[in-house]
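Visitor: Provided below for reference: sequence and predicted model.
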2 protein chains.
Amino acid sequence: MISATETAKDPPAKQPRTERGRRTRQKLIDAAAVEFGEKGFHEASIIGITGRAGTALGSFYTYFDSKDEIFRSLVKELGDMVKTRAAAALEPEQSALEAERAALHEFLEFSREHKEIYRIIDESEFVDPQGYRHHYERTARRIMERLAHGVAAGDLRSDVGEVEAWAIMGMNVFLGLRFSIWAEDADPIGIADTANALLKAGISAHS
Amino acid sequence: MISATETAKDPPAKQPRTERGRRTRQKLIDAAAVEFGEKGFHEASIIGITGRAGTALGSFYTYFDSKDEIFRSLVKELGDMVKTRAAAALEPEQSALEAERAALHEFLEFSREHKEIYRIIDESEFVDPQGYRHHYERTARRIMERLAHGVAAGDLRSDVGEVEAWAIMGMNVFLGLRFSIWAEDADPIGIADTANALLKAGISAHS
């Protein structure tokens, strides 16, 4: 995969220089989310993306070199969206556990609104393996930072760290898969509360 | 995907009738795990599978109709292997929490021995969507049964159920991804202990 390494570190090469350019690039990214989400990477086409975006084919090549490149940019963008939404759900005075509940609740709502996100991130394992790994490593790092903050504040046990961060991420991803993507048969608030009770005090009858 | 519905419910059509046939079919499945794990579904070939298995092409068609069919059988088989290994790690007198620790530890060891399992299960989302969903639904159901047993025994809080089962499955899958597939930089026993402490009493400093 060419420039797969760059994906993880560098911004895409062709950044728009005007506000209008920024909007056009964003329209293409949004259209790509629908096209890749519906058709999958292999069936998706640049024509399909520009058709959905209502832009000329030339506009595509102003911002992206290839279908591969817009896919990689989209994976990065979806990660940014999850990050931004989670951050917006947090409040400064929250305890570490309240922050985890808010982040999960927001993620469940976000995945209901953007059901294509699972298919796209999951397909990146095959289309852009470095982008896939980077997506989860940066998400885990973000959770680890929240946990470290909670440890420093005295909210969390002092030995809480990387294993718990990956455990929480896995919990959140699979709760989203079950209760946002496959079926919306339970209230996101209730699910976030239940998962939070697990984080707070475990599942033991004796704790 | 033809007969995708069957995958979830029915046994494959061409079951071997002799012990020798059973061994040949198993050799093909084992070879398919290596072929699909290394090359991915689209690049993998039936010739590649029979070559690795050391069987004639005719043998393949005795047991499988197509590359799709052996892939679906393999996904089912990998699920069975995970199930069998987890079951073997359990002991009758264990508490529900000890059972979860043993199951996670065994899964971490299993994924280190069978690193191809993640790629194959993950690719089934695209090649055999029903098989993919079935894989996680049956795993969650198995965890739910263990938890229900723990509730009945008085080990676990009486309200523990489906949400916790999916949370535990997600934890286990992502801990395996991080500590068995991407890097083996921590001891599976230590990881299982840490995840188990989370399940036992949560991460709060105050619980």
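Guide: Good, I have the coordinates.

Visitor: Output the below-cut-off pLDDT ranges for chain A.
Guide: A:1-13, A:207 (pLDDT under 70).

Visitor: what sits against the spatially most central residue of it?
Guide: For chain A, A:G79 is the residue whose C-alpha lies nearest the centre (Cα atoms, centre = their mean; 3.5 Å). Contact partners of A:G79, counting by Cβ atoms under 8 Å, 6 or more residues apart in numbering or on different chains, are A:134-135, A:138-139. No exception for glycine: its C-beta is placed from N, CA and C like everyone else's.

Visitor: let's see 6 Å
Guide: Applying Cβ atoms under 6 Å, 6 or more residues apart in numbering or on different chains to A:G79 gives the contacts A:H135.

Visitor: Distance check, it against A:M144.
Guide: For A:G79, the distance to A:M144 (Cβ to Cβ, to the nearest Å) stands at 16 Å.

Visitor: Could you do A:A102 as well?
Guide: Relative to A:M144, and taking Cβ to Cβ, A:A102 is found at 17 Å.

Visitor: could you pull out the helices for chain A?
Guide: A:4-9, A:19-43, A:46-53, A:57-63, A:67-89, A:96-113, A:116-127, A:129-152, A:162-176, A:188-201 (DSSP state H).

Visitor: Pick the most deeply packed of these.
Guide: helix A:162-176 (a mean of 24; mean count of other Cβ atoms under 10 Å in any protein chain shown).

Visitor: how about it as CSV, C-alpha atoms only?
Guide: Output of helix A:162-176 as CSV, limited to C-alpha atoms (Å, rounded to 0.1, in the frame of the first residue of the first chain):
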residue,chain,number,x,y,z
GLU,A,162,-3.0,0.5,29.1
VAL,A,163,-4.8,-2.9,29.6
GLU,A,164,-7.8,-1.1,30.9
ALA,A,165,-7.8,1.4,28.0
TRP,A,166,-7.9,-1.4,25.4
ALA,A,167,-10.5,-3.2,27.5
ILE,A,168,-12.7,-0.1,27.5
MET,A,169,-12.2,0.5,23.8
GLY,A,170,-13.2,-3.1,23.0
MET,A,171,-16.3,-2.8,25.3
ASN,A,172,-17.3,0.4,23.5
VAL,A,173,-16.7,-1.0,20.0
PHE,A,174,-18.7,-4.2,20.6
LEU,A,175,-21.5,-2.4,22.4
GLY,A,176,-21.8,-0.1,19.4
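
Visitor: Just checking it against chain B, any contact.
Guide: Yes: for helix A:162-176, a contact with chain B is found by Cβ under 6 Å from any Cβ of the partner chain, at A:163-164, A:166-167, A:169-171, A:173-175.

Visitor: Which parts of chain A belong to which domain?
Guide: Residue ranges for the domains of chain A, per automatic domain parsing: A:12-65, A:71-201.

Visitor: Relative to B:W182, which of the ones you listed is closest?
Guide: domain A:71-201 (6.7 Å; Cβ to Cβ).

Visitor: Now do that closest one: distance to the chain's middle.
Guide: Mean C-alpha position of domain A:71-201 versus that of the full chain (Cα atoms, centre = their mean, to the nearest Å) differs by 8 Å.

Visitor: end-to-end on it?
Guide: 41 Å (Cα to Cα, to the nearest Å).

Visitor: And stretch A:146-163, by the same measure?
Guide: Stretch A:146-163 end-to-end distance (Cα to Cα) = 14 Å.

Visitor: ok, and what's touching it?
Guide: A:95-96, A:99, A:165, B:191, B:194, B:203, B:205.

Visitor: how about those residues in TSV, adding distance to B:S45?
Guide: Supplementary listing: the contacts of stretch A:146-163 in TSV, determined by distance: Cβ to Cβ, whole Å:
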residue	distance to B:S45
A:S95	55
A:A96	51
A:A99	49
A:A165	40
B:I191	37
B:T194	42
B:I203	48
B:A205	56
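
Visitor: Out of the residues you listed, flag the one nearest to A:T24.
Guide: Nearest member of the contacts of stretch A:146-163 to A:T24, counting by Cβ to Cβ, is A:A99, at 36.1 Å.

Visitor: dump the residue contacts of that closest one.
Guide: So A:A99 contacts A:90, A:146 (Cβ under 6 Å, 6+ apart).

Visitor: Next to chain B, which bits of chain A? Give me the list.
Guide: Proximity of chain A to chain B (Cβ under 6 Å from any Cβ) is limited to residues A:122, A:125, A:154, A:156-157, A:160, A:163-164, A:166-167, A:169-171, A:173-175, A:178, A:191, A:194-195, A:198-205, A:207.
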